[in-house]
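Enquirer: Model the following, please.
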Amino acid sequence: MKMKGAAVTAAVLFVFVGVGYRLAATATAEARDHRVVSAEQKVYYRCPMHPEVISDKPGRCPQCGMNLEKVVEGADSTDHGEHHH
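Expert: Numbers count the residues shown, from 1 in each chain. This next block holds a predicted model:
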């Protein structure tokens, strides 16, 4: 009976460690995508194929379904969106 209890404890611990790792990885990715921008900078998202499609949050273009790209405008902006090749 002791072995069964140890196996259950090990399985529960394994699940919690896996979930914790996944949550930490997600939080790191979100922090990387939401860099700090100064008050003088304007952040918006634009479709690379349809520049008239602009949003204040990430998402997809309603016309073509492509991911909207982050655009940072303003004083000394160094992050001009992400370019994936």
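Enquirer: any idea how far residue 73 is from residue 54?
Expert: With distances taken as CB to CB, to the nearest Å, residue 54 is found 11 Å from residue 73. Backbone N, C-alpha and C define where each C-beta goes, glycine included.
Enquirer: Now list whatever residues contact both of these two.
Expert: Counting by CB atoms under 8 Å, 6 or more residues apart in numbering, the shared contacts of residue 54 and residue 73 are residue 44.
Enquirer: just the strands in this structure please.
Expert: In the chain, the strands defined using DSSP state E lie at 42-46, 54-55, 69-73.
Enquirer: Need the ones you listed in CSV (columns: distance to residue 4, mean neighbour count and mean pLDDT).
Expert: Output for the strands of the chain, formatted as CSV (distance: least, CB to CB, whole Å; neighbours: other CB atoms under 10 Å; pLDDT from 0 to 100):
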stretch, distance to residue 4, mean neighbour count, mean pLDDT
strand 42-46, 52, 16, 95
strand 54-55, 53, 13, 96
strand 69-73, 51, 16, 94
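Enquirer: got a list of what residue 58 touches?
Expert: Shown in contact with residue 58 (CB under 8 Å, 6+ apart): 33, 45, 67-68, 70.
Enquirer: how far away is residue 55 from residue 62?
Expert: To residue 62, residue 55 is 9 Å away according to CB to CB.
Enquirer: One more: residue 43?
Expert: Noted for residue 43: a distance of 20 Å to residue 62, by CB to CB.
Enquirer: Please tell me the pLDDT value assigned to residue 77.
Expert: For residue 77, the pLDDT comes out at 45.
Enquirer: Which parts of stretch 53-67 count as buried, going by neighbours?
Expert: Neighbour counts using 16 or more other CB atoms under 10 Å place 53, 61 of stretch 53-67 among the buried residues.
Enquirer: circling back to that earlier point, can the strands of the chain go into a markdown table with extra columns for distance to residue 3?
Expert: Output for the strands of the chain, formatted as a markdown table (distance: least, CB to CB, whole Å):
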| stretch | distance to residue 3 |
| --- | --- |
| strand 42-46 | 54 |
| strand 54-55 | 56 |
| strand 69-73 | 53 |
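Enquirer: right, so of those, which gets closest to residue 9?
Expert: Set against residue 9 and scored by CB to CB, the strands of the chain come closest in strand 69-73, at 44.4 Å.
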